[in-house]
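**Q** Predicted coordinates and the sequence they were generated for:
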Amino acid sequence: MPGKKGGSPSAHDVVPTPVRVSRVRREMAGVTTLELTPVSAFGFVPGQFNMLYMFGLGEVAISLSGDPAEESRIVHTVRAVGAVSQAIARLRRNDAIGVRGPYGSSWPVLDSEGSDVVIVAGGLGLAPLRPVIYRVLAHRERYGRIVVLYGARGPAEILYRRELEAWRRRLDVDITVTVDHAAADWRGNVGVAPALIGRAPIDPDHTVAMVCGPEIMMRFTHRSAAPARAGHRPNFPLDGTQHEMRDRLLRALSIRARLRLSRRPSLSL
């Protein structure tokens with residue numbers, strides 16, 4: 001089975017390895033999370049992806065969204081936007097799918113030890129960042145303050161709601177969720193995720209930010225950081241990935257910025 005943790009796939013990974021679907025969870029309309037059972041231990045590092053192959057149809061690159069510490073399952077969250085991803089979303093328990101990987105580079109999780117960590121995600125961009133959250137919370141003592149800022153279009157499109165609620169009950173991580181629009185019964189934040197920057201007391205000189213979401217969200221995240229770094233040499237690493245579920249691999253966007261974050265508002269999920 002592919003997947004030496006943090007390494008490159010071996011030669012046999014050119015051919016997809018058939019694996020079985022062990023669990024299917026419908027996250028929202030058009031978005032499905034699949035849990036796959038590998039034939040042997042599967043390891044990866046946060047930020048990597050697999051090529052998922054539908055036999056007779058084709059393959060797509062999908063980010064790994066599970067816990068890197070769990071080598072007995074492979075987790076992918078898929079949005080049905082094309083022929084292959086739509087076929088993947090229709091899979092049921094015990095169906096077969098081909099897997100090649102893991103591929104790609106990783107988020108700077110190890111390099112961030114000793115620093116505060118800010119995670120900014122928009123929409124399905126939370127899926128590639130979920131392994132980061134798993135890892136930093138599993139080794140909480142190695143990091144300073146941890147802040148997760150997540151934006152969705154509306155309350156019904158909040159990804160991993162139960163986990164967000166569970167993480168927010170912890171006293172050692174700050175979770176803030178915002179939506180673009182909502183009805184009157186929504187008691188949380190309304191607005192885009194970049195607007196949350198500037199609300200948590202993090203020292204920008206000792207903080208690493210990891211950002212994933214639509215390109216426009218990433219652009220505004222960078223723009224929101226600009227006023228804090230005027231006249232100052234940027235020294236706050238802002239690692240970003242443009243997350244696309246259609247026909248392109250993940251494309252790394254390397255930028256640096258200085259952010260100043262202050263306290264978070266209250267939130268009801």
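**A** Looks like it came in fine. Computed from a predicted structure; not experimentally measured.
**Q** now the helices for this structure?
**A** Counting by DSSP state H, the chain has helices at residues 83-89, 126-138, 161-169, 215-225.
**Q** list the buried ones in the second one?
**A** Pointing back at helix 126-138 there. Using 16 or more other C-beta atoms under 10 Å as the test for burial, helix 126-138 gives 126, 127, 128, 129, 130, 131, 132, 133, 134, 135, 136, 137. C-beta coordinates here come from the backbone N, C-alpha and C atoms, glycine included.
**Q** would you list the residues you listed in a markdown table and tack on pLDDT and distance to residue 90?
**A** Shown next, in a markdown table, are these (pLDDT from 0 to 100; distance: C-beta to C-beta, whole Å):
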| residue | pLDDT | distance to residue 90 |
| --- | --- | --- |
| 126 | 96 | 23 |
| 127 | 97 | 19 |
| 128 | 96 | 23 |
| 129 | 97 | 26 |
| 130 | 97 | 23 |
| 131 | 98 | 25 |
| 132 | 97 | 29 |
| 133 | 98 | 28 |
| 134 | 98 | 27 |
| 135 | 98 | 31 |
| 136 | 97 | 34 |
| 137 | 97 | 33 |
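**Q** Now tabulate the helices of the chain in CSV and tack on distance to residue 58.
**A** Below are those laid out as CSV (distance: least, C-beta to C-beta, whole Å):
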stretch, distance to residue 58
helix 83-89, 5
helix 126-138, 21
helix 161-169, 31
helix 215-225, 25
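**Q** Which of those sits closest to residue 193?
**A** helix 215-225 (6.1 Å; C-beta to C-beta).
**Q** Let me see the contact set for the closest residue to residue 157 other than its chain neighbours.
**A** Distances taken as C-beta to C-beta, 6 or more residues apart in numbering place residue 28 nearest to residue 157, at 5.5 Å, with adjacent residues excluded. When contacts are counted by C-beta atoms under 8 Å, 6 or more residues apart in numbering, residue 28 touches 156, 157, 159.
**Q** Can you tell me which of the residues you listed is nearest residue 91?
**A** For those, the residue nearest residue 91 by C-beta to C-beta is residue 159; the value is 19.0 Å.
**Q** and the gap between the residue nearest to the closest one when sequence neighbours are not counted and residue 45?
**A** Among residues not flanking residue 159 along the chain, residue 126 sits closest, at 4.9 Å (C-beta to C-beta, 6+ apart). For residue 126, the distance to residue 45 (C-beta to C-beta, to the nearest Å) stands at 18 Å.
**Q** And residue 112, by the same measure?
**A** In this view, residue 112 and residue 45 are 13 Å apart by C-beta to C-beta.
**Q** Can you give me the end-to-end span of stretch 110-125?
**A** 21 Å (C-alpha to C-alpha, to the nearest Å).
**Q** one step back: list only buried entries from the contacts of residue 28.
**A** By neighbour count, with 16+ other C-beta under 10 Å, the contacts of residue 28 hold 157, 159 as buried.
**Q** Pick the one among the contacts of residue 28 closest to residue 17.
**A** residue 159 (27.3 Å).
**Q** close enough to count as contact, that closest one and residue 27?
**A** Yes: the pair residue 159 / residue 27 is scored as a contact, 5.9 Å apart, by C-beta atoms under 8 Å.
**Q** and for those two, which residues touch both?
**A** Shared between the contact lists of residue 159 and residue 27 (criterion: C-beta under 8 Å, 6+ apart) are residues residue 77.
**Q** More neighbours: which of residue 112 and residue 45?
**A** The residue with more neighbours, out of residue 112 and residue 45, is residue 112; 24 against 20, by other C-beta atoms under 10 Å.
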